[in-house]
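# can you look at this prediction? I've put the sequence above it.
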Amino acid sequence: MGNYVDLVAGRLRRLVALVTSSGAADANKIVQTGADGRLHASLMPTGFGEDLAQIEASENLSSGDFVNVFDDAGTVKVRKADATAAGKEADGFVLDAVTSGQDATVYFEGTNTALSGLTPGAAYHLSAATPGGVVVTPPSATGNVVQYVGRAISATAVAYEADRGVILS
């Protein structure tokens with residue numbers, strides 16, 4: 001952590017710069033970038049930066065899973081998106097694995113950089129065979145949802161594009 005010196009009550013004191021903020025209690029403090037060279041989203045004003053939310057996972061999620069946000073008896077939760085049925089379309093993705101019952105950081109836009117085996121330039125759709133996964137060939141069975149999730153920009157990343165999908169009949 002970065003240190004700096006400040007005059008506090010007439011005395012010089014060594015203080016530590018913030019990497020994350022807990023809100024108003026951290027007003028007027030010096031900040032520093034994180035290990036990735038960027039400022040943490042908690043240091044930014046509302047509406048600036050990544051569109052994300054902390055939502056409780058209803059099941060274990062793997063790094064890179066596309067996820068569905070749903071109402072579980074009045075509590076918002078997140079689960080793996082699944083193209084086998086309407087109502088489980090992808091609303092976003094997670095970059096870190098999360099255990100059921102823990103909060104997941106859900107990204108509603110941006111690039112999912114936690115994937116593997118992609119064909120750069122190919123269009124990807126939500127998978128009906130692997131919940132949370134993606135496929136090049138969209139599902140084709142009756143009742144499945146064809147949902148475009150984005151284009152691969154490398155072998156490990158898809159530029160996510162929100163799409164509601166079409167239910168096959």
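Received, thanks. Numbering: from 1, shown residues only.
# tell me, what residue is most central in this structure?
For the chain, residue 107 is the residue whose C-alpha lies nearest the centre (C-alpha atoms, centre = their mean; 2.6 Å).
# and residue 50, what element?
Assigned by DSSP states H and E, residue 50 belongs to no helix or strand.
# ok, which stretches of the protein are strands?
3-8, 11-16, 52-57, 66-72, 75-80, 92-94, 103-107, 110-112, 123-126, 134-135, 145-146, 148-154, 157-160, 166-167 (DSSP state E).
# give me whichever of those strands is most buried.
Sort the strands of the chain by mean neighbour count, taking mean count of other C-beta atoms under 10 Å, and strand 92-94 sits at the top with a mean of 27. Heads up, the C-betas are built off the backbone N, CA and C, glycines and all.
# in its sheet, what does that one sit against?
If you go by DSSP bridges, strand 92-94 pairs up with strand 66-72 (antiparallel), strand 103-107 (antiparallel).
# mind giving me the domain split of this structure?
Segmentation of the chain into domains, based on automatic domain parsing, reads 3-43, 52-167.
# okay, now the unreliable bits of the protein?
Low-confidence segments of the chain, defined by pLDDT under 70: 1.
# only alpha carbons, please: show stretch 73-93 as CSV.
The C-alpha trace of stretch 73-93 is given here as CSV (Å, rounded to 0.1, in the frame of the first residue of the first chain):
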residue,chain,number,x,y,z
ALA,A,73,-39.3,-15.8,-3.3
GLY,A,74,-38.7,-12.1,-3.1
THR,A,75,-34.9,-12.2,-3.0
VAL,A,76,-32.9,-11.4,-6.1
LYS,A,77,-30.4,-14.2,-6.9
VAL,A,78,-28.2,-15.3,-9.8
ARG,A,79,-27.8,-18.7,-11.4
LYS,A,80,-26.2,-20.2,-14.6
ALA,A,81,-28.0,-19.0,-17.7
ASP,A,82,-29.5,-22.0,-19.6
ALA,A,83,-30.9,-22.0,-23.2
THR,A,84,-33.1,-25.0,-22.5
ALA,A,85,-36.1,-22.9,-21.3
ALA,A,86,-37.4,-19.4,-21.4
GLY,A,87,-36.8,-17.4,-18.2
LYS,A,88,-33.1,-18.5,-17.8
GLU,A,89,-31.6,-16.2,-20.5
ALA,A,90,-28.2,-14.6,-19.9
ASP,A,91,-28.4,-11.2,-18.2
GLY,A,92,-24.7,-10.9,-17.6
PHE,A,93,-21.6,-12.9,-16.7
